[in-house]
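In: After the sequence you'll find the predicted model.
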Amino acid sequence: MPRPHRLRYALAAALPWFFGTALAWAGPVSDDDALALSYSEAASVSIATGNSQSLRRAPAVASVITAADIVAMGATELDQILETVPGIHVNRAPNSNSPLYVVRGIVSAFNPQVLVLQNGIPITTAYIGNKGNIWGGYPVEHIARIEILRGPGSALYGSDAYAGVINIITKNAAEVGGTEFGLRGASFGTGELWFQQGTRLGPLAIASYLRYGQTDGNHNLVEADAQSRNDKLFNTHASLAPGEVHNQLKAVDGNLDVQYGAWRARFGYKRRYDMGTGLGIASALDPTGRQQTERITSSLSWTEAQLGHDWGAGATVSSQQYSQEIPTWYQLMPAGLVYPTGAFPNGMIAAPETWERTYRASAYADYSGWQLHRLRLGVGHDDIDMYRTREYRNFNYAANGLPIPLPGVIETSASSPFIRPQRRNINYLYLQDEWNLATDWNLTAGLRHDRYSDFGSTTNPRLALVWDASYDLTAKLLYGRAFRAPAFAESYGISNPVAMGNPLLKPERNATTELALAWQLSSNASANLTFYHYNMHDIIRTVANPVPGTGSTYTNTGDQRGDGVELEGKWQLASAVQLSGNYAWQRSIDQRTGTDAGAAPRHHLLGRVDWSVDSDYQLGAQLNHVAGRRRALGDLRAPIADYSTADFTLATRYGRQRWNYTLAIRNAFNANVREPSPAPGLTLPGDIPMPGRSISLQASYQM
């Protein structure tokens, strides 16, 4: 029997022992406990269907992280939170140190296969197709909760809800609950200030948030980069490696939330500037290049759960204005670079810039008058417009793909642009039926049809059967299809021969089957177990052009399948002590080669203990173990090293009208953490170094 199957069967055989032992630890379930459990709906989620429902009975594999959870773990950034979710690991891209949210082993260069929402609205950017490559982090003080759907969500959310969906829900006035301000100092020259307030002005409930932060970034060394290889090939000495990464940035964030009855208006602002390029835009160290991005979001929604007898409805209009600009030009390759096509005494210089605006309108109606059914019909229209592009550079490309020097840096937007302005319109319609088909049985069926103005239509279904087998056990059998639309860069890129656009691209496709079990072992212990299998088709990758030396073009090519197991549990050991943790195993196979797809951990284990010393203090400790990351076929480097990190948190809980403090130590034992660099490792053979030990101290005051 192949090893992966042996492991799967061993896990299955061990499960009865695991849960039996946990049940024994937790103690017998009394009749009173059973009655309480039957009516307990403490954990709720809306990401699965659009309607709030019990997390345990939701027709999806989902997780919820609350504001209280965020405070307990001492998290200061979104990435730290997502790393604790079973089945999710945060990789890094060398370009801009951008985080890649790897869900169930699905890895790509820019990670557009995960849909990120803010208050239910996509924050996707059109050029790359992800949340924005110049991301620069996301603060957490104003987050009320984060809902995460692992698995396909296109039947409800459309494109990019492919491997998973992350919905960041910000605080309303009641959740802020007054006025709070705080400051934080941390390692690597990091400092932050924030202010938030929740108040009522007559019928208006208003929440506001403002934050400023800056950091020098970690100063880890990169032993070799892309120019190191060029130096060997062309007998030059231009590389800046060994040298430090460049992860510095400055940040401004703001939010305004105004509620009036059934109406809600939200405004958001996110700016990152004076931001370094990480390990370099072209994987060559760039100490001078600086970039900035600005995101302005707004939405107006109306929701009426009881519009009339058996009817509910809602509608939303929203906009996103997004730009990425290069105020200090990128140095793609350093000064002294020499190619057979010519010398670059000042290095290869470029500054590609884009400006986008996206308008979305959607509406839905719920109908529950049909016995045992709850129907939802939704419609929407998206207008995605990359209305301006601009580029400066000091090179063009030869027919063989090598750069040719220009006399100086010139604007190439008209003569040979990297991409021209593009526009895409999407119309969609979806139908969902939540059917209580028998006692303790619920079937959710959904279907969404999307029509794109550039590549045509796609239809994606879902089915979810949920069975309350007993008061303490719920079983789910789930199936769904998902798609990921080509990004503008993939379809319409022009001048970069390494990755030429292809307007004939079709969407990537994914089909996933899941079996999930949720146990309430006692009133103070619970556990969840999920098995999944997925098949990906029409994966978009660059493929070498038929004529040698003419570069590569984006093409629908390759298939991938994956299998995995996710186990998570929580146990309130005593009134003051809580244990929690999860373990995820996965294996993703490139079906063309029959080998591991690479870069994602096969084993990911997280354990946490939270201890309320008394009413005034809270201690937390967390262990994160990442193991089993493989190299992709053709990558001959040594295996990616496993690592374990330990984090510790000490916080006061004095309540209002007093200062509260949080001390957090991350990677306390200074583990050498490396995230895999792109295969085959010719540009960054040493992988991507991550921060070592860091310490932060936060003070906040709430009135």
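Out: Yep, that arrived.
In: Buried residues, stretch 660-679. List them.
Out: Residues of stretch 660-679 classed as buried by neighbour count (16 or more other C-beta atoms under 10 Å): 660, 662, 664-668, 671, 673-678. Yep, even glycine has a C-beta here, placed from its N, CA and C like the rest.
In: Now tabulate those in CSV and tack on pLDDT, distance to Ile65 and secondary structure.
Out: CSV is the format used below for these (pLDDT from 0 to 100; distance: C-beta to C-beta, whole Å; DSSP: H, G, I helix; E, B strand; the rest coil):
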residue, pLDDT, distance to Ile65, secondary structure
Asn660, 96, 20, strand
Thr662, 97, 17, strand
Ala664, 97, 17, strand
Ile665, 97, 21, strand
Arg666, 98, 17, strand
Asn667, 98, 21, coil
Ala668, 98, 22, coil
Ala671, 98, 24, coil
Val673, 97, 22, coil
Arg674, 97, 26, strand
Glu675, 97, 22, strand
Pro676, 97, 26, coil
Ser677, 96, 29, coil
Pro678, 93, 30, coil
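In: quick one: which of the residues you listed is nearest to Ala282?
Out: Pro678 (11.5 Å; C-beta to C-beta).
In: on that earlier part again, distance to Ala238 for the buried residues of stretch 660-679 - can I get that in TSV?
Out: Listed next are the buried residues of stretch 660-679 as TSV, based on distance: C-beta to C-beta, whole Å:
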residue	distance to Ala238
Asn660	51
Thr662	45
Ala664	40
Ile665	39
Arg666	35
Asn667	33
Ala668	39
Ala671	33
Val673	29
Arg674	25
Glu675	26
Pro676	26
Ser677	20
Pro678	21
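In: Show me which of those residues is closest to Ala544.
Out: Nearest to Ala544 out of the buried residues of stretch 660-679 is Pro678 (C-beta to C-beta; 15.9 Å).
In: tell me which of the buried residues of stretch 660-679 is nearest to Thr458?
Out: Using C-beta to C-beta, Pro678 is the member of these that lies nearest Thr458, at 28.6 Å.
In: Could you find the closest non-adjacent residue to Met73?
Out: Nearest non-adjacent residue to Met73, counting by C-beta to C-beta, 6 or more residues apart in numbering: Gly620, 6.2 Å away.
In: mind listing what the one you found touches?
Out: Contacts of Gly620 were listed using C-beta atoms under 8 Å, 6 or more residues apart in numbering, and they are 72-74, 608-611, 647-651.
In: go on, Gly692?
Out: Counting by C-beta under 8 Å, 6+ apart, Gly692 has contacts 218, 220, 667, 670-673.
In: Could you dump these into TSV and include distance to Tyr209?
Out: Converted to TSV, the contacts of Gly692 look like this (distance: C-beta to C-beta, whole Å):
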residue	distance to Tyr209
Asn218	27
Asn220	32
Asn667	29
Asn670	34
Ala671	34
Asn672	36
Val673	31
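In: hmm, which two among these are most spread apart?
Out: The most widely separated members of the contacts of Gly692, counting by C-beta to C-beta, are Asn218 and Ala671 (13.5 Å).
In: Pretty sure Gly401 sits against Pro497.
Out: Yes: contact criterion C-beta atoms under 8 Å: Gly401 and Pro497 qualify, at 4.1 Å.
In: More neighbours: those two, which one.
Out: Set Gly401 next to Pro497 and count neighbours by other C-beta atoms under 10 Å: Pro497 wins out with 20 against 16.
In: For the chain, just list every one of the helices.
Out: Here the chain has its helices, by DSSP state H, at 3-26, 31-39, 67-73, 78-82, 154-157, 173-176, 226-234, 488-492.
In: tell me which strands and helices the last one is in contact with?
Out: Put plainly, it is helix 488-492. On a contact count with 3 or more C-beta pairs under 8 Å, 6 or more residues apart in numbering; DSSP states H and E, helix 488-492 meets strand 422-438.
In: can you check the fifth one too?
Out: The contact analysis (3+ C-beta pairs under 8 Å, 6+ apart) places helix 154-157 against strand 422-438, strand 441-452, strand 456-470, strand 473-484.
In: Can you give me the pLDDT of Trp17?
Out: We have a pLDDT of 36 for Trp17.
In: Which stretches in the stretch 551-700 of the chain count as strands?
Out: Applying DSSP state E, counting those that start in this stretch to the stretch 551-700 of the chain gives strands spanning 552-556, 560-574, 577-590, 595-596, 603-614, 617-627, 643-652, 659-666, 674-675, 688-689, 694-702.
In: again with the stretch 101-250 of the chain
Out: Using DSSP E, counting those that start in this stretch, strands in the stretch 101-250 of the chain cover 114-118, 121-122, 143-150, 164-170, 178-186, 190-201, 204-215, 221-222, 243-244, 249-260.
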